[in-house]
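Chemist: Model the following, please.
(one chain, ligands or ions: 1)
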Amino acid sequence: MEAVFTPPCPYYKKCGGCQLQRLPYEEQLRRKTGRCIALLGEFGHVEPIWGMAEPFRYRNKVHAAFALDHRRRPTCGIYQPGSHAIVPVEDCLIEDAACDAVIRSIRDMLPAFKIKVFDERSGTGWLRHVLVRRGFATGEILVVLVAVSPIFQLQKTFVKALTEQHPQIRSVVLNLNDRFGPVVLGTREKLLYGPGYIEDELCGHRFRISPRSFYQINPVQTEKLYRCAVDFAALTGKETVLDAYCGIGTIGITASDKARQVIGVELNRDAVRDAIGNARLNGLKNCWFTAGDAGEYMEQTSRSGLRPEVVFLDPPRSGSDERFLRSLLKCAPERIVYVSCDPATLARDLKLLTAGGYRAEKIQPVDMFPWTEHVESVVKLIRH
Ligand code: SAH
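Modeler: As a prediction, this is how the structure comes out:
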């Protein structure tokens, strides 16, 4: 029988963001390991998941939706699952406290700066979302205001007041999104303050992060995840390494000290720009990054005769695709390190890779998302 446990969060029932709040942390970890064994056990031995010593305040990225409540007053918080009703979350136990404080400040500043919240029903108003990211190692904060138009009359005084309250803010960016739909960020941006990005440090390297680039949201666990991935790659210094779905280049750059060269491929151009900047920022001359679809790139690679000895892949939740995986098999690297944020799509992809001549030697789940049901895992595959 499961222990009776009071969920620590007062918003638990309405919010829906943390599905496992009814379970004590140890129990969550057991359950996640069990899920990995059920889905991945047929491929190899699954190690117990690596949990957090302090499973709170781990999120370095906070998103607040802004809207009018049922009495047409401006409010902000988290969307209730499956709806656009907002749960007015003041302070969230898994989010960084400094990020939450910036969002509260913005909410409280709205009337003085005549900022109207966008109303989906009437299509009037301006501000839709606020996104705040903080580099845990550097303390630098990035604020992204998502609005429907670039016109922001009191922009200078607003930025001045906000940065005075939160001196750790390094950049403020206005992102334009005038479309309906679930996507938070639009494609156009206007720089309001600072260089337009922040920097953070992970595994001894420095990384610049732009508003639309992917960056792991739990830096404490990310260090463990990356060290595990690099360890699984068993590099000797002679290898050509491919970092597929590389984001801002974090895994490849972390591995670069132990490799001859690293090539990263990533679809998001902003992230590729960050990755190239990150190689320079760390004084690395053996890292190259290219923009494009990982599957297409892998196909070209398999035709070109370039043979990476090690391939890292870290695709989104939907997993990789057949084009990538079949070309990967043709390239036949010695070792593949698969970093996955969904054990179900991972199992699907492992089926193909193991049928194609690889064996899962190690499987290590890492708890990147305590209190939620999400599970991250790293798999070492070797050719046999
Ligand atoms: N390895 C990075 C990023 C992982 S997230 C890190 O640890 O931070 C997955 C990344 O895959 C995202 O940056 C996303 O933009 C990218 N991506 C999604 N589809 C892709 C595709 N078809 N080809 C290449 N990259 C893709």
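Chemist: Pull up the gap between Cys92 and Gln168, please.
Modeler: Noted for Cys92: a distance of 19 Å to Gln168, by CB to CB, to the nearest Å. To be clear about C-beta, it is placed using only N, CA and C from the backbone, and glycine gets the same treatment.
Chemist: just so I have it, where are all the helices in the protein?
Modeler: With DSSP state H as the criterion, the chain has helices at 12-15, 25-40, 97-109, 155-165, 219-233, 250-255, 269-281, 294-304, 322-331, 343-355.
Chemist: Can you say which of the ones you listed is packed in most?
Modeler: Among the helices of the chain, helix 250-255 has the highest mean neighbour count (mean count of other CB atoms under 10 Å), at a mean of 28.
Chemist: how about CSV for the helices of the chain, with distance to Val310 and mean pLDDT added?
Modeler: Formatted as CSV, those follow (distance: least, CB to CB, whole Å; pLDDT from 0 to 100):
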stretch, distance to Val310, mean pLDDT
helix 12-15, 41, 90
helix 25-40, 21, 98
helix 97-109, 35, 97
helix 155-165, 43, 98
helix 219-233, 5, 98
helix 250-255, 8, 98
helix 269-281, 18, 98
helix 294-304, 13, 97
helix 322-331, 11, 98
helix 343-355, 14, 98
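Chemist: closest to the ligand out of those?
Modeler: Evaluated over the helices of the chain, closeness to the ligand peaks at helix 294-304, with 3.5 Å, by CB to the nearest ligand atom.
Chemist: is it true that Pro370 touches Tyr25?
Modeler: Yes. Using CB atoms under 8 Å, Pro370 and Tyr25 qualify as a contacting pair, with a distance of 6.5 Å.
Chemist: which residues do these two both contact?
Modeler: Listed contacts common to Pro370 and Tyr25 are Gly51, Pro55; contacts here mean CB atoms under 8 Å, 6 or more residues apart in numbering.
Chemist: Turn the helices of the chain into JSON lines, columns for distance to Phe118.
Modeler: Formatted as JSON lines, the helices of the chain follow (distance: least, CB to CB, whole Å):
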{"stretch": "helix 12-15", "distance to Phe118": "21"}
{"stretch": "helix 25-40", "distance to Phe118": "36"}
{"stretch": "helix 97-109", "distance to Phe118": "14"}
{"stretch": "helix 155-165", "distance to Phe118": "17"}
{"stretch": "helix 219-233", "distance to Phe118": "31"}
{"stretch": "helix 250-255", "distance to Phe118": "33"}
{"stretch": "helix 269-281", "distance to Phe118": "24"}
{"stretch": "helix 294-304", "distance to Phe118": "35"}
{"stretch": "helix 322-331", "distance to Phe118": "38"}
{"stretch": "helix 343-355", "distance to Phe118": "34"}
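Chemist: nearest to Val87, of these?
Modeler: Minimum separation from Val87 across these (CB to CB) falls at helix 12-15, 4.6 Å.
Chemist: pretty sure His384 contacts Arg359?
Modeler: Yes. Between His384 and Arg359 there is a contact under CB under 8 Å: 5.1 Å.
Chemist: The two - which one has more neighbours?
Modeler: More crowded of His384 and Arg359, by other CB atoms under 10 Å: Arg359, with 13 against 8.
Chemist: any idea how far Leu353 is from Asp69?
Modeler: According to CB to CB, Leu353 and Asp69 sit 49 Å apart.
Chemist: Up against the ligand, what does the stretch 251-384 of the chain have?
Modeler: Within the stretch 251-384 of the chain, the positions lying close to the ligand (CB under 6 Å from any ligand atom) are Ile251, Val265, Glu266, Leu267, Asn268, Ala271, Asp293, Ala294, Asp314, Pro315, Pro316.
Chemist: which residues touch the first one?
Modeler: Looking back up the chat, that one is Ile251. Ile251 touches Tyr226, Ala229, Val230, Asp243, Phe312, Asp314, Val339, counting by CB under 8 Å, 6+ apart.
Chemist: Dump the residues you listed to a markdown table, plus distance to Arg188.
Modeler: Below are those laid out as a markdown table (distance: CB to CB, whole Å):
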| residue | distance to Arg188 |
| --- | --- |
| Tyr226 | 32 |
| Ala229 | 34 |
| Val230 | 37 |
| Asp243 | 29 |
| Phe312 | 32 |
| Asp314 | 28 |
| Val339 | 31 |
